[in-house]
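[1] Coordinates for the following, if possible.
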Amino acid sequence: MYFTNREKIILELLIEYPNGVTLEELQRILNVSKRTIYREIASIEASLAKFQLQINKPRGAGYRLMGEPFQIQTLKQKVYQTTHTSFDMIQRQHALAITLLLADETITMDALAYDFEVSVGTIHADLNMIDESLEGFALKIERLKTRGIHVKGGEKERRQIVSSLLYGNINEYDFFQYLHQLTAQDLPFSDHFFINVMSPNALYLARKVIMNETKDLFDSVTDNQLQQIIIILALSIDRILKGSIIDTAIVARDIPTDIIKLSHQILGFIETILKCPVNMNERHFFALQLEGLNYKAPQNIFIESFNAEISYQIKEFIRITSQETGYDFRKDETLYEDLMAHIKAAIKRPISLVQKIDNPLLQKILDEYDLIYEGVKVARREIFADKKLSQEEMAYIVIHFASSLERYPGNRNITALVLCSSGIGTSKILESRILKYLPEINVVDVSKISQMDNIHFEHYDIILSTIFLPGFQHSYRVISPLLLDDEVREIREYMKQALLNDLPRKEAPTEAPKSAENFEDVYQTMKIANNLLQRFDVKQSNSLETLEDSLYQILLEIEGYIVTDATQVTNQVVQRYLQAPIGIPNSNIALFHSTNRWVSEPYFAIFDLDRTFPIMGMDRRSIDLQRILLMLAPEPLSTTNEMLLGKISSSIIESDLNTEIYKSGSKELIYQLLSSLLVDEIRKID
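    The predicted structure is shown next:
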């Protein structure tokens, strides 16, 4: 017996929720109308008769599955064994497009009709639809008389489209559950058509390198982005092994250096394992895919890939949103880091045929936080008017601001685990709303679906999930990331029932006592911070004919105890200055900085010139420079130096008040600001 995907979801919900599923819940989960739900229920009822089961709906209650327990168990086995070899129209067209894009030779219409169990006329109609979608990607379906059909076009475009279609048709839970089954000794095939497009070996290698060989770099990447990058890597592995390589030149000039290095690291690992060469175009192509991930790379002026211009834009974006909403978001460093990661990625994401986004959910978020949304729209018009940010991207940006608004501590007494696949911003909103509206809960641990294998579920009183988890062995409750009022009531009842049943639970591991090493860390940090403050000064400097000569003269003053070679350090500082704009907009100051081997100690000081020099500001407008903020650090850059100097550099445009202090403040006033900043950083040391 075959159930459609929609019927399968409804049956899974009815099986997992014996107390009933409301019409509204079914609408929300399936994103369809009431009429569609009625039609699907009627279709399911006809099939259930063979199991001697029926669907009942008491007045004022939800749909319930009625029948003998053993019959329900039989149905459950049947539902979970149902494969995806039959599709709805959209799935069939996606599967057909993938088949043609990856085919090594022509395929006849009759063969396609047989494989997809439809008529030749249906295949013909599907091909017309697919051909229209491919037009914008320089790909075209060619129909050759007596020989069949094939797609003409480049390998790069094929992979982009296929990976997008795979991503859009594979549920995160199904994907990561299958990945966790793969081992070096056991590589079973999946019964999921779209997962099976990639070989088990390619998926195993892609998972291994992304999740195990990159030193936790992808830990902060959302499940859906992690899924996306594993898919494109696995697909690339299969294509390279088949000899279908990317031969179109991909220029790396505009790709950040750290992304290029990461791509080389990952594909170098694959090259070693497969003993198969991976050319430079393949590496640059994969770097472009990595660039669309909003993982949190370090945001520090000493990092080569640091983008001072977009850093300023994010600060301005936050300032304008704060101004429009009346909420001051400017002190939230987490918000800045999250937006920096998200927006940098958003404006770099490659075009996709499929976007796996729950639009109704995002619309609810926009409605729930309408004031923030209006502020974000104003900020976007002023700061990113020339960038393409979709409605979905705007909603995710609103989520970051909303999660900032909802952060606050509290006292609770129940432990909850939340399984969330929607991203860090959404999970933070959910976590804060749980703490706010369910004061009974003491601890909320949020985990990604991809990390389920590492979770000790017995440590938690209750388990909540933002998506349905078919076959999950523990008791849990499905909730929306917005945690609606009726869900709060349901969770409260669910908790009562769970605790009354005295579910087995072990205490989660307690935090280990802090070792003596912490004291040493604090002491060393305080020592470096104190030295920075002792060396800090605001000095007058006589300007020379050029800015470069003036910088050299300044560095000569500290040669011998901060720098060992003023000429080399000047060259380094000027080189960084020429790479990207460093002027602070609407001011007379700029932050000149460098890390190199001719610097012996971390250093920050201010030099007032007796004349101005025109330089480019971070907003790409000229400013008249009169006050130089000079920041230097030895190479290699230690973690402590990076932390302290990074705090100072980010504070310069953190607020209008800070900018004004750096712009015209006296030594005493700036010293007080620096002291406060460095003390705050020291307090954060674990």
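
[2] Going by C-alpha atoms from here, please, whenever you check contacts or count neighbours.
    Will do.

[3] now the helices: where do they sit in the stretch 51-200 of the chain?
    With DSSP state H, counting those that start in this stretch, the ranges of helices along the stretch 51-200 of the chain come out as 69-81, 89-102, 109-115, 120-134, 155-169, 172-181, 193-196, 200-212.

[4] For the fourth one, what is the distance to the chain centroid?
    Using CA atoms, centre = their mean, to the nearest Å, the distance from the centre of helix 120-134 to the centre of the chain it belongs to is 34 Å.

[5] about what we covered before: same list (the helices of the stretch 51-200 of the chain) but as a markdown table, adding distance to Val251, mean neighbour count and mean pLDDT.
    Shown next, in a markdown table, are those (distance: least, CA to CA, whole Å; neighbours: other CA atoms under 10 Å; pLDDT from 0 to 100):
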| stretch | distance to Val251 | mean neighbour count | mean pLDDT |
| --- | --- | --- | --- |
| helix 69-81 | 47 | 14 | 73 |
| helix 89-102 | 24 | 18 | 88 |
| helix 109-115 | 38 | 15 | 80 |
| helix 120-134 | 24 | 15 | 86 |
| helix 155-169 | 13 | 21 | 88 |
| helix 172-181 | 32 | 18 | 88 |
| helix 193-196 | 31 | 18 | 88 |
| helix 200-212 | 24 | 20 | 90 |
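
[6] Which strands and helices lie in contact with the host helix or strand of Ile343?
    Per DSSP states H and E, Ile343 falls inside helix 333-346. In this structure, helix 333-346 packs against helix 308-325, helix 391-405, with contacts taken as 3 or more CA pairs under 8 Å, 6 or more residues apart in numbering; DSSP states H and E.

[7] Now it: buried residues?
    Leu335, Tyr336, Glu337, Asp338, Leu339, Met340, Ala341, His342, Ile343, Lys344, Ala345, Ala346 (16 or more other CA atoms under 10 Å).

[8] what about the helix or strand where Gly375 lies, distance to the chain center?
    Secondary structure from DSSP H and E places Gly375 in helix 370-383. Here helix 370-383 shows a centroid-to-chain-centroid distance of 21 Å under the convention CA atoms, centre = their mean.

[9] Pop the domain breakdown of this structure in here.
    Per automatic domain parsing, the structural domains of the chain span 5-81, 89-153, 158-291, 308-405, 415-500, 516-683.

[10] So what's the residue count around Cys253?
    Actually, residue 253 is Arg rather than Cys. Other residues near Arg253 number 9, with proximity taken as other CA atoms under 10 Å.

[11] Which among the helices of the stretch 51-200 of the chain is found nearest to Val443?
    Closest to Val443 of the helices of the stretch 51-200 of the chain, according to CA to CA: helix 172-181, at 24.3 Å.

[12] who does that closest one touch, helix- and strand-wise?
    helix 200-212, helix 223-241.

[13] Helix 223-241 and that helix, what's the angle between them?
    Angle, helix 172-181 to helix 223-241, by axes from the mean of the first three to the mean of the last three CA atoms, to 10 degrees: 50 degrees.

[14] Which residues does helix 172-181 contact?
    Residues outside helix 172-181 that contact it (CA atoms under 8 Å, 6 or more residues apart in numbering): 187-188, 190, 195, 203-204, 207, 223-224, 227, 421, 449-450, 453, 469.

[15] ok, of those, which one's closest to Arg147?
    Arg147 has its nearest neighbour among the contacts of helix 172-181 in Ile195, at 29.2 Å by CA to CA.

[16] residues touching that closest one, list them.
    With CA under 8 Å, 6+ apart, Ile195 has these contacts: Leu166, Ile170, Phe175.

[17] rerun that using 10 Å as the cut-off
    Counting by CA atoms under 10 Å, 6 or more residues apart in numbering, Ile195 makes contact with Leu166, Tyr167, Asn169, Ile170, Asn171, Asp174, Phe175, Tyr178, Leu179, Phe189, Leu203, Ile231.

[18] Would you mind writing the CA trace of stretch 191-206 as CSV?
    Output of stretch 191-206 as CSV, limited to C-alpha atoms (Å, rounded to 0.1, in the frame of the first residue of the first chain):
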residue,chain,number,x,y,z
ASP,A,191,15.5,4.1,0.6
HIS,A,192,15.0,7.9,0.1
PHE,A,193,15.3,8.7,-3.6
PHE,A,194,17.0,12.1,-3.2
ILE,A,195,19.5,10.9,-0.6
ASN,A,196,20.3,8.0,-2.8
VAL,A,197,21.4,10.3,-5.6
MET,A,198,24.7,10.7,-3.7
SER,A,199,26.7,7.6,-3.0
PRO,A,200,27.0,6.4,0.7
ASN,A,201,30.8,6.6,0.4
ALA,A,202,30.7,10.3,-0.8
LEU,A,203,28.3,11.2,2.0
TYR,A,204,30.4,9.4,4.6
LEU,A,205,33.6,11.2,3.5
ALA,A,206,31.8,14.6,3.3
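
[19] Now find how far off-centre that stretch is within its chain.
    With CA atoms, centre = their mean, you get 23 Å for stretch 191-206.

[20] ok, now stretch 641-660?
    With CA atoms, centre = their mean, you get 26 Å for stretch 641-660.

[21] and if you look at stretch 547-566?
    From the chain centre to the centre of stretch 547-566 is a distance of 42 Å (CA atoms, centre = their mean).

[22] CA atoms of that stretch as CSV?
    Output in CSV follows, covering the C-alpha atoms of stretch 547-566 (Å, rounded to 0.1, in the frame of the first residue of the first chain):
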residue,chain,number,x,y,z
LEU,A,547,50.7,60.6,5.6
GLU,A,548,53.2,57.7,5.1
ASP,A,549,56.1,59.9,6.2
SER,A,550,54.1,61.1,9.2
LEU,A,551,53.4,57.5,10.2
TYR,A,552,57.1,56.6,9.9
GLN,A,553,58.0,59.5,12.1
ILE,A,554,55.5,58.3,14.7
LEU,A,555,56.9,54.8,14.7
LEU,A,556,60.4,56.0,15.0
GLU,A,557,59.4,57.4,18.4
ILE,A,558,58.6,53.9,19.7
GLU,A,559,61.4,52.1,18.0
GLY,A,560,63.5,50.1,20.4
TYR,A,561,60.9,49.2,23.0
ILE,A,562,57.6,48.6,21.0
VAL,A,563,58.9,48.0,17.5
THR,A,564,62.3,46.7,16.4
ASP,A,565,62.3,48.1,12.9
ALA,A,566,60.2,51.3,12.2
